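S.K.: Here is the input, now give the coordinates:
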Amino acid sequence: MKIIKQFSPNEFVFDNLKDKKTREIILGEDNLKIEFNKIIDSQFLGGNIENKYDEYKDFLGLGIYSKAPCGGFINFYKIRSVKKTNYVIYSGINEVSNSHYVITIHMVLTF
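M.R.: The predicted structure is shown next:
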């Protein structure tokens, strides 16, 4: 695993009541199209990386009861770039109120 890009605390924040449903992350000559509703849909599973959740937490030095840096629930979401490279988005998901979510993207990782 390797950290490809790291964002400052409030650099890449999505609010599902205010923002567009998709955004892009530029990674040099490649880019990722983030669909935030898919990240929200995977929140109760910790993402869509199946049985690798603990492996990613260990790599980042996160404990059993850790939260994401933004205070939200940890989410690791696997995504394929425009150039077909696989990445994992590390984010925190906060449910502000019923069906109102704020997602903070913290890192882009490779696996």
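S.K.: residue boundaries of the strands in the chain?
M.R.: Listed in chain order, the strands found in the chain under DSSP state E are 2-6, 13-15, 22-27, 30-35, 73-80, 86-97, 100-110.
S.K.: What strands line up against the shortest one, and which way round?
M.R.: Taking DSSP bridges as the criterion, strand 13-15 sits next to strand 100-110 (antiparallel) in its sheet.
S.K.: returning to that earlier point: output the strands of the chain as JSON lines; include the columns mean pLDDT and distance to Ile49.
M.R.: C-beta: built from backbone N, CA, C; applies to glycine. Shown next, in JSON lines, are the strands of the chain (pLDDT from 0 to 100; distance: least, CB to CB, whole Å):
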{"stretch": "strand 2-6", "mean pLDDT": "96", "distance to Ile49": "15"}
{"stretch": "strand 13-15", "mean pLDDT": "96", "distance to Ile49": "19"}
{"stretch": "strand 22-27", "mean pLDDT": "95", "distance to Ile49": "18"}
{"stretch": "strand 30-35", "mean pLDDT": "96", "distance to Ile49": "15"}
{"stretch": "strand 73-80", "mean pLDDT": "97", "distance to Ile49": "5"}
{"stretch": "strand 86-97", "mean pLDDT": "96", "distance to Ile49": "6"}
{"stretch": "strand 100-110", "mean pLDDT": "97", "distance to Ile49": "10"}
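S.K.: can you tell which of those is closest to Lys57?
M.R.: strand 73-80 (6.9 Å; CB to CB).
S.K.: For that closest one, buried residues please.
M.R.: Neighbour-count burial for strand 73-80, counted by 16 or more other CB atoms under 10 Å, picks out 74-79.
S.K.: Which elements pack onto it?
M.R.: Using 3 or more CB pairs under 8 Å, 6 or more residues apart in numbering; DSSP states H and E as the contact test, the elements touching strand 73-80 are helix 36-41, helix 53-59, strand 86-97.
S.K.: Restricting to C-alpha, output the last one in CSV.
M.R.: Same thing as strand 86-97. In CSV, the C-alpha atoms belonging to strand 86-97 read as follows (Å, rounded to 0.1, in the frame of the first residue of the first chain):
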residue,chain,number,x,y,z
ASN,A,86,-7.3,0.9,-8.9
TYR,A,87,-7.2,3.3,-5.9
VAL,A,88,-8.8,3.5,-2.5
ILE,A,89,-10.3,6.7,-1.1
TYR,A,90,-9.9,7.1,2.6
SER,A,91,-12.7,9.3,3.9
GLY,A,92,-14.7,10.2,7.0
ILE,A,93,-18.5,10.1,6.9
ASN,A,94,-20.5,12.3,9.3
GLU,A,95,-24.3,11.9,9.4
VAL,A,96,-25.3,15.5,10.5
SER,A,97,-29.0,14.6,10.6
